[in-house]
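Visitor: pasting the sequence and the predicted model now:
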Amino acid sequence: MEQQTNKTYLIIGGTGGIGQAMLRQLASHQHGNEKSTNSATLIATYHKRPPPDMPQVTWVKMDLTDEDSIKNAVETIKTKTTHIDWVINCIGLLHDGNQQPEKSLRQLSPEFFVQNMKVNALASLLLAKHIRPLLQKATRTEDAPAIFAVLSARVGSISDNQLGGWYSYRMSKAALNMGMKNVSIEWARSLPNTCVVVMQPGTVDTTLSEPFQGNVAEDKLFSPDYSAEQLLNVLATMRAADSGSFVDWAGEKIAW
C-alpha cells in the first residue's frame, strides 16, 4: 500500500517510550506495507518532560487532564496543518510516585481512582471532542480511513478478568473502551470513513510496566520499537468497517 502524500500524524504522548518509538517509525516512512519517499508531517505532544531532539517532529504542549490545555493545543496544531490523518493517544496511568495498583479494596484511594479515570478514560474523550474538525478535513475512504486510536489494556476487558485487583486501572480502561465504542458509533454517522480503534500494545519495557516485569516471560516483554512497529502495522490494515474494534498488538480481537 503506497503511503499518501503529506499524510499528517498526531502522536499524543510523544515523549513516552511507545510514543517516541512510533515517531521514529513514522519518520523512517516504513510501517505496515507502506513504503514511501513522501514526507509525512509529524506532530507530537508533550506535558512535563522536555521533548527529545527530533527535527522531523513539531512539538505542542498539552495536558490531557485539562480541557483548556487540549483546546489550546488543538488551536496551535491548526496553525501547523490543515488536517490530521491519524491520531494515536499513547498516554496512560498505572502507578505514580505515591501509589501502586491496588491489590485489594483496602488500598483503594478516591484520589488515585479519579486520577486514573481522568488520564485513562476522560482524556481520550476530550481529545476526540476537540480534534474532530481536523480529522473531518482529512481525505477519507472506506479502505483508507482517518484513524483515531487509543492505547488501552487487556485488563480492561471485563470478560477476560480472572484475577481481580487493580481496581482503578481496570475500571478506567473499561471506561475508556466504552467511551471509544460510543465515539465509533457516533462518528459512523457524523464522520464517516473514520476508524476508531482501541489497542493493547502488549507488555512493553517502559516506566509504566517496569515495577511489574518480574513475572513477565522474556519473550512477552516487548521493546518500545517492536510494540510501536506492530501497532502501526495493524493500523495500516484498518478499514472504516473496523471502527469500534478492540485489538491487540498482533491485530487479534480482544473480548470486551
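Guide: It's in.
Visitor: what about the strands in the stretch 51-200 of the chain?
Guide: 57-61, 86-89, 146-151, 194-200 (DSSP state E, counting those that start in this stretch).
Visitor: residue farthest from the centroid of the chain?
Guide: residue 106 (31.0 Å; C-alpha atoms, centre = their mean).
Visitor: for that one, give its distance to residue 7.
Guide: Distance of residue 106 to residue 7, given as C-beta to C-beta, to the nearest Å: 49 Å. Quick note: C-beta positions are derived from backbone N, CA and C, even for glycine.
Visitor: with residue 148 instead?
Guide: Residue 148 is 15 Å from residue 7, by C-beta to C-beta.
Visitor: and what of residue 113?
Guide: Residue 113 is 38 Å from residue 7, by C-beta to C-beta.
Visitor: the two: who's more crowded?
Guide: Taking neighbours as other C-beta atoms under 10 Å, residue 113 and residue 7 compare with residue 7 leading, 22 against 17.
Visitor: per-residue pLDDT, the more buried one?
Guide: On pLDDT, residue 7 comes in at 92.
Visitor: contacts only, for it.
Guide: 38, 40, 41, 85, 86 (C-beta atoms under 8 Å, 6 or more residues apart in numbering).
Visitor: mind putting those residues into TSV with pLDDT and neighbour count?
Guide: Putting the contacts of residue 7 into TSV (pLDDT from 0 to 100; neighbours: other C-beta atoms under 10 Å) gives the following:
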residue	pLDDT	neighbour count
38	53	12
40	89	21
41	95	19
85	98	23
86	98	24
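Visitor: show me which of those is closest to residue 127.
Guide: residue 86 (13.0 Å; C-beta to C-beta).
Visitor: who's in contact with the closest residue to residue 120 other than its chain neighbours?
Guide: Of all residues not flanking residue 120 in the chain, residue 172 sits nearest, at 3.7 Å (C-beta to C-beta, 6 or more residues apart in numbering). When contacts are counted by C-beta under 8 Å, 6+ apart, residue 172 touches 93, 116, 117, 119, 120, 121, 156.
Visitor: relative to residue 66, how far out is the closest residue to the last one other than its chain neighbours?
Guide: The reference is to residue 156. Of all residues not flanking residue 156 in the chain, residue 173 sits nearest, at 2.8 Å (C-beta to C-beta, 6+ apart). Relative to residue 66, residue 173 is positioned 21 Å away (C-beta to C-beta).
Visitor: ok, the two, which is more surrounded?
Guide: Each of residue 173 and residue 66 has its neighbours counted (other C-beta under 10 Å); residue 173 has more, 26 against 15.
Visitor: and that one, what is it in contact with?
Guide: Residue 173 touches 120, 121, 152, 153, 155, 156, counting by C-beta under 8 Å, 6+ apart.
Visitor: mind picking the two most distant members of the residues you listed?
Guide: Most distant of the contacts of residue 173, by C-beta to C-beta, are 121 and 155, 13.8 Å apart.
Visitor: those two: who's more crowded?
Guide: Shown here are residue 121 and residue 155; by other C-beta under 10 Å, residue 121 has more neighbours (22 against 18).
Visitor: thinking that one is in contact with residue 182, fair?
Guide: No - between residue 121 and residue 182 there is no contact under C-beta atoms under 8 Å: 11.5 Å.
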